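**Student:** quick check, what structure comes out for this input:
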Amino acid sequence: MTAAAATAWMVTRLGAPTAALEIEAVEVGDPGANQVRIAVEAFCLDFNDVDTIRGRYGLLKFEPPFVIGMAAAGTVDAAGPGCEALLGRRVAGTTVGVRGGYASAVLLDAATIQQLPAWLSTAEGMAMYFPFQVSYLALRVRGRVAPGDVVLVHAAAGGVGSAAVQLAKAFGATVIATAGTDDKVEFARSLGADYGVNYRSEDFVAFVDDVTNGRGVDLAFDTVGGAVTTETFRVMAFNGRHLIIGFASGIETEERPLPIQPSIYGNFDLVGICFAYVDSPRPSRPFGLNFLPTAAGVDIWSRILQLARAGTIRPVIGRQIEFADVPAELEALERRETTGRTVVRPPQ
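**Tutor:** Numbering: from 1, shown residues only. Just a heads-up that it's a prediction; the model follows:
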């Protein structure tokens, strides 16, 4: 094997994407054990990438220069020891060191890889990879959603929220969606949400109270954090599960403690969600970390694909853009101007 020449978006300084990113030629080395290298065919823009570029993500603080990008999809052109069977396969996965994905070639962590079937395009597979897996983990595995449950989905028109709406409906739930514009509310309803509320123009707490006749929701799918989280405490039903998934309102919130008193007097659960697959969960256990093994991830992905093949769910691609448009589109994402996933075609 030899190193692959690649074109990549390099973070040359911390700041706004249009000021911090520059296109550069890089070399992507040979994959090590339990790694593969892919010729990238698609990647998606992500809020976490914006936070990393701006230097405000506490868990992912990298010193420039570095290539941004936590996930990518494409065809395996080199495989390290233990991954030989993946050569030539189309896959999606998390990048080694959770960076490097905004490029025409990248190394992937084999523990996170999911294979893409022939009936699914690479762009569709990339758009499904993170949103549907994290939503399935949150709703089904951690939230134990059941038919008849009432599920509140915040940011329901976004990449993850749009997946959560569809999966919650597939699991037999009644879905209440929140979004920041009337158009996005209607978009969430088109995906199956039973009710929708524009949280900028209406009080979502009063709306949920009215819809549920004061009972509250069984699950809250919360990727926003901050004030949205504490307001959501007020709409939780008895025995409800508040799923804490992300912090789109400000990643800094991730490092601040949440008050637990509301869950005590409200008789509901605060449920943490961390999407990650590992070869073995044992090494992280002494540090209080629990991650799913790869086999569980393959099972989750297989169930997601069954629902997609049946037409029950679908990938939501809001925009497909060219490689050169990445910085401006990252800032559009940051301004909440997008729906679904923004998929990028890298240079070949």
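**Student:** CA atoms of the strand or helix carrying residue 74 as CSV?
**Tutor:** Using DSSP states H and E, residue 74 maps to strand 71-79. Extracted C-alpha coordinates of strand 71-79, given in CSV (Å, rounded to 0.1, in the frame of the first residue of the first chain):
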residue,chain,number,x,y,z
ALA,A,71,-17.5,10.9,9.2
ALA,A,72,-17.4,10.1,5.5
ALA,A,73,-18.6,7.5,3.0
GLY,A,74,-17.0,5.9,0.0
THR,A,75,-15.3,2.8,-1.4
VAL,A,76,-12.5,1.1,0.6
ASP,A,77,-9.3,1.2,-1.4
ALA,A,78,-6.9,0.0,1.4
ALA,A,79,-7.5,-2.1,4.5
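**Student:** show residues contacting that strand.
**Tutor:** Applying C-beta atoms under 8 Å, 6 or more residues apart in numbering, the external contacts of strand 71-79 come out as 1, 4, 30-31, 35-44, 46, 83, 85-95, 100-101, 103, 105-106, 108, 116, 122-123, 125-126, 129-130. Placement of C-beta: from N, CA and C, glycine included.
**Student:** average model confidence for that strand?
**Tutor:** The pLDDT scores in strand 71-79 average 98.
**Student:** next structured bit after it?
**Tutor:** By DSSP H and E, the next helix or strand past strand 71-79 is strand 90-94.
**Student:** that following strand pairs with which strands?
**Tutor:** According to DSSP bridges, strand 90-94 forms sheet pairs with strand 71-79 (antiparallel), strand 114-115 (antiparallel).
**Student:** can you give me the strands in the stretch 151-300 of the chain?
**Tutor:** 174-179, 195-198, 217-222, 236-244, 269-272, 277-278, 292-293 (DSSP state E, counting those that start in this stretch).
**Student:** residues in contact with the last one: which ones?
**Tutor:** When you say that, I think you mean strand 292-293. By C-beta under 8 Å, 6+ apart, the list of residues contacting strand 292-293 reads 137, 276, 277, 278, 279, 280, 281, 300.
**Student:** can you tell me the closest non-neighbouring residue to the fifth one?
**Tutor:** Pointing back at residue 279 there. Once flanking residues are discounted, residue 279 sits nearest to residue 111: 4.9 Å by C-beta to C-beta, 6 or more residues apart in numbering.
**Student:** in this protein, where is pLDDT below threshold?
**Tutor:** 1, 249-255 (pLDDT under 70).
**Student:** which residues of it fall in helices?
**Tutor:** Assigned by DSSP state H, the chain shows helices spanning 17-20, 47-54, 122-136, 159-170, 182-190, 204-211, 227-232, 261-266, 294-309, 326-334.
**Student:** include mean neighbour count and distance to residue 75 when you put the strands of the stretch 151-300 of the chain into CSV, please.
**Tutor:** As requested, the strands of the stretch 151-300 of the chain are exported to CSV (neighbours: other C-beta atoms under 10 Å; distance: least, C-beta to C-beta, whole Å):
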stretch, mean neighbour count, distance to residue 75
strand 174-179, 27, 36
strand 195-198, 21, 39
strand 217-222, 28, 33
strand 236-244, 21, 34
strand 269-272, 16, 35
strand 277-278, 22, 21
strand 292-293, 17, 25
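**Student:** can you redo those as TSV with distance to residue 324?
**Tutor:** Listed next are the strands of the stretch 151-300 of the chain as TSV, based on distance: least, C-beta to C-beta, whole Å:
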stretch	distance to residue 324
strand 174-179	29
strand 195-198	34
strand 217-222	34
strand 236-244	36
strand 269-272	38
strand 277-278	32
strand 292-293	37
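**Student:** between these, which one is nearest to residue 22?
**Tutor:** strand 277-278 (32.1 Å; C-beta to C-beta).
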